[in-house]
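Undergrad: what would the 3D arrangement of this be:
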Amino acid sequence: MKEEFSNLFKFDADLSLGQAFPLALQHVIAMIAACVAPVIIFTNAIGLEPSESVMLVQMALIGSAITTLLMIFPIGKFGAKLPMMYGVSFAYVPTMLALAGQFQGSGPRHIVAIVLGAQLIAAIVSLIFAFTLKYILPYFPPLVSGTVVLCIGISLYPIALTNMGGAGDVTVAGWGAWQNWLVAIITLVASIGFTHFGKGIASLASLLFAMLVGYVVSFFFGMIDLSPVGDASFVSLVKPLHFGISLEPSAIFSFIIIFIVTSIEGIGDMTSTTVGGMDRTPTGDELRGGLAAFSLTNIIGAFTGTLPTATFSQNAGIVSVNKVINRKVFSTAAIIILLAGFSPKLSALLTTIPDAVIGGATLSVFAIITMNGIKMITSQPLTTRNTSIVGTAVALGFGFTSVVSVAESAGVVFMPEFLKVAIGSSPVVLAAIAAVLMNVIIPENEEDKAREESLS
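TA: Reported below is the predicted structural model:
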């Protein structure tokens, strides 16, 4: 590599904006669509007013940028000086949609308040998790965390397919129209095509380019309403506590489980980044600082309206491929996202993306999440003990929520409402509890132990 580019591969080295900007833009393109899609799915599902949906999209961008900047420029013990990107995560979507269904009678704004309240308490717990990492981490080996990630991926499939039909709810007028399915399939095919046959940016930002294709096609079907863009202002500041915060115990319990699992995934992404881009494993201080930064910004996000964030694996993958770790690249990317977040015009434009486009584009993303879970599971020997833990946890998670759904449809009530919200509305929570308990209770022998060394 020429000497003029050598600083790209050093974290603290000086770098010109001309060198940093195109590489920063690559990271923005790789994550921005996946950052706002969970927000749009959630706001569409609860029927939030367009102006308030725009506000949540704005805060998703602002909160993601702030988390990234804190990661790069630590304050005290918060941050890790690692080249990482953060954004609102799909991992929380199943639980948020389950809460939307349980509390639909309380109104969209109250549902947001419940999510933000659960996020606040769960982020405090994950902060404690960060500073007691060496004591808690053994309870979440790859077998357990992989099982939970697998369940997250599988539970997202119906969301993608429902959106492909034209909305997040099959009872919405016009759901299932052939135009919706056509647009969704074109978007899905485009996503697969860009991923496997695209080169450079086209491959790395396959989700974004696929959504652009779907957006153009849906425009010709008259599926785009640009009126919210015209109504939105060019610049708007944050409105803290606009939605308020509501503490619902069952929602908090569910979010704590997901936050712990997301923290484990974050450890994996930090490890992937340092191994792939720095040829070393992360230190204990880096892991603690990274998780502490993630937790702190989610606590702040609960007050400002930023839905829960997490590390973005696609950006960690870019680092592993091009080895570029200079922090000016990542700080420039964060500033681009931050500026975008202060523009309601841009945020409103993002909310005009039709559900069919989002469904078609995100199906392949959900498939990747599922496969990441499988990879984590298969990093362990597939012994009788280990396969029993995974199989039973998945069966309990999905089987029980299916029974709850059928019973609810039949008007049968067999458990308290708070318990139904906590473990009966999303397969992820019950699967996580079962996997943790079985991993602790069922004795492990030499054959069952991981092929990889555990993180210390």
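Undergrad: how far out from the middle of the chain is stretch 171-183?
TA: 26 Å (C-alpha atoms, centre = their mean, to the nearest Å).
Undergrad: same question but for stretch 386-400, I mixed them up
TA: Worked out by C-alpha atoms, centre = their mean, stretch 386-400 lies 23 Å from the chain centre.
Undergrad: end to end, how far does stretch 164-182 reach?
TA: One end of stretch 164-182 sits 9 Å from the other (C-alpha to C-alpha, to the nearest Å).
Undergrad: can you give me the buried ones in that stretch?
TA: Under the neighbour-count criterion of 16 or more other C-beta atoms under 10 Å, stretch 164-182 has 164-169, 175, 179-181 buried. All C-beta atoms are positioned from the backbone trio N, CA, C, and that covers glycine.
Undergrad: looking at those, which are in helices?
TA: Counting by DSSP state H, these place 164, 179-181 in helices.
Undergrad: make TSV out of these and add distance to Met438.
TA: Listed next are these as TSV, based on distance: C-beta to C-beta, whole Å:
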residue	distance to Met438
Met164	35
Gln179	47
Asn180	41
Trp181	40
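Undergrad: report the two of the residues you listed separated the most.
TA: Spatially, the most separated pair among those is Met164 and Gln179, at 11.6 Å (C-beta to C-beta).
Undergrad: give me the common contacts of those two.
TA: Residues touching both Met164 and Gln179 (C-beta atoms under 8 Å, 6 or more residues apart in numbering) are Ala356.
Undergrad: please name the nearest non-neighbouring residue to Ile124.
TA: Of all residues not flanking Ile124 in the chain, Ile299 sits nearest, at 6.3 Å (C-beta to C-beta, 6 or more residues apart in numbering).
Undergrad: quick one: low-confidence ranges for the stretch 51-200 of the chain?
TA: Where the stretch 51-200 of the chain drops to pLDDT under 70, the residues are 200.
Undergrad: can you pull out the strands in it?
TA: 86-88 (DSSP state E, counting those that start in this stretch).
Undergrad: how about the helices in it?
TA: In the stretch 51-200 of the chain, the helices defined using DSSP state H, counting those that start in this stretch lie at 93-102, 108-131, 133-136, 142-164, 178-197.
Undergrad: looking at the ones you listed, which is closest to Val54?
TA: Judged by C-beta to C-beta, the one of these that comes nearest to Val54 is helix 108-131, at 13.4 Å.
Undergrad: buried residues in that closest one?
TA: Under the neighbour-count criterion of 16+ other C-beta under 10 Å, helix 108-131 has 108-127, 129-130 buried.
Undergrad: same question, stretch 397-404
TA: Neighbour counts over stretch 397-404 (16+ other C-beta under 10 Å) mark 397-398, 400-401, 404 as buried.
Undergrad: adding secondary structure and pLDDT, write these out as TSV.
TA: Converted to TSV, the buried residues of stretch 397-404 look like this (DSSP: H, G, I helix; E, B strand; the rest coil; pLDDT from 0 to 100):
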residue	secondary structure	pLDDT
Gly397	helix	90
Phe398	helix	92
Phe400	helix	91
Thr401	helix	87
Val404	helix	85
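Undergrad: for those, which one is nearest Asp225?
TA: Within those, the smallest distance to Asp225 is 34.0 Å, found for Thr401 (C-beta to C-beta).
Undergrad: how much space separates that closest one from Ser155?
TA: As for Thr401, its distance to Ser155 is 8 Å (criterion: C-beta to C-beta, to the nearest Å).
Undergrad: and if you look at Gly222?
TA: For Gly222, the distance to Ser155 equals 33 Å [C-beta to C-beta].
Undergrad: so which of those two has more stuff around it?
TA: Neighbours were counted for Gly222 and for Ser155 using other C-beta atoms under 10 Å; Ser155 has more, 24 against 8.
Undergrad: got any residues that touch both of Thr401 and Ser155?
TA: Common neighbours of Thr401 and Ser155, counting by C-beta under 8 Å, 6+ apart, are 426-427.
Undergrad: residue contacts, Ile41?
TA: Shown in contact with Ile41 (C-beta under 8 Å, 6+ apart): 93, 97, 159, 163, 168, 358, 362.
Undergrad: could you say which helix or strand holds it?
TA: Assigned by DSSP states H and E, Ile41 falls within helix 17-46.
Undergrad: which pLDDT value goes with the closest residue to Leu237 other than its chain neighbours?
TA: Once flanking residues are discounted, Leu237 sits nearest to Phe342: 7.3 Å by C-beta to C-beta, 6+ apart. Phe342 is assigned a predicted lDDT (pLDDT) of 89.
Undergrad: neighbours around Phe342, how many?
TA: Counted by other C-beta under 10 Å, the residues lying close to Phe342 total 17.
Undergrad: now do it against Phe294, distance only.
TA: For Phe342 relative to Phe294 (C-beta to C-beta), the value is 22 Å.
Undergrad: rewinding a little: and which of the ones in helices among the buried residues of stretch 164-182 is nearest Pro354?
TA: Checking these against Pro354 by C-beta to C-beta gives Asn180 as the nearest, at 7.8 Å.
Undergrad: nearest spatial neighbour of that closest one, skipping sequence neighbours?
TA: Nearest non-adjacent residue to Asn180 (C-beta to C-beta, 6+ apart): Gly166, at 3.5 Å.
Undergrad: the one you found is in contact with Gly174, isn't it?
TA: Yes: at 5.8 Å, Gly166 counts as touching Gly174 under the criterion of C-beta atoms under 8 Å.
Undergrad: overlap of the contact sets of those two?
TA: Common contacts of Gly166 and Gly174, defined by C-beta under 8 Å, 6+ apart, comprise Asn180.
Undergrad: follow-up on the earlier one: now the angle from the helix holding Ile41 to helix 108-131?
TA: Taking axes from the mean of the first three to the mean of the last three C-alpha atoms, to 10 degrees, one finds that helix 17-46 is oriented at 130 degrees with respect to helix 108-131.
Undergrad: and helix 17-46 with helix 142-164, angle?
TA: Helix 17-46 and helix 142-164 are oriented at 70 degrees to each other (the same axes, to 10 degrees).
Undergrad: state the helix or strand in which Ser236 lies.
TA: Counting by DSSP H and E, no helix or strand carries Ser236.
Undergrad: which residue packs closest to the residue nearest the centre of the chain, ignoring adjacent ones?
TA: Geometric centre of the chain, nearest residue: Ser89, 1.5 Å, by C-alpha atoms, centre = their mean. Residue nearest to Ser89 in three dimensions, not counting chain neighbours: Ala310, with 3.7 Å by C-beta to C-beta, 6+ apart.
Undergrad: check contacts around Trp181.
TA: Residues in contact with Trp181 (C-beta under 8 Å, 6+ apart) are 164-165, 356.
Undergrad: repeat that for 10 Å
TA: Applying C-beta atoms under 10 Å, 6 or more residues apart in numbering to Trp181 gives the contacts 164-166, 356, 359-360.
Undergrad: relative to Ile258, which of the residues you listed is nearest.
TA: Gly359 (22.1 Å).
Undergrad: correct me if wrong: that closest one contacts Trp175.
TA: No: Gly359 is beyond contact range of Trp175, at 11.3 Å (criterion: C-beta atoms under 10 Å).
Undergrad: between the two, what contacts are shared?
TA: Joint contacts of Gly359 and Trp175 (C-beta under 10 Å, 6+ apart) are 162-163, 165-168.
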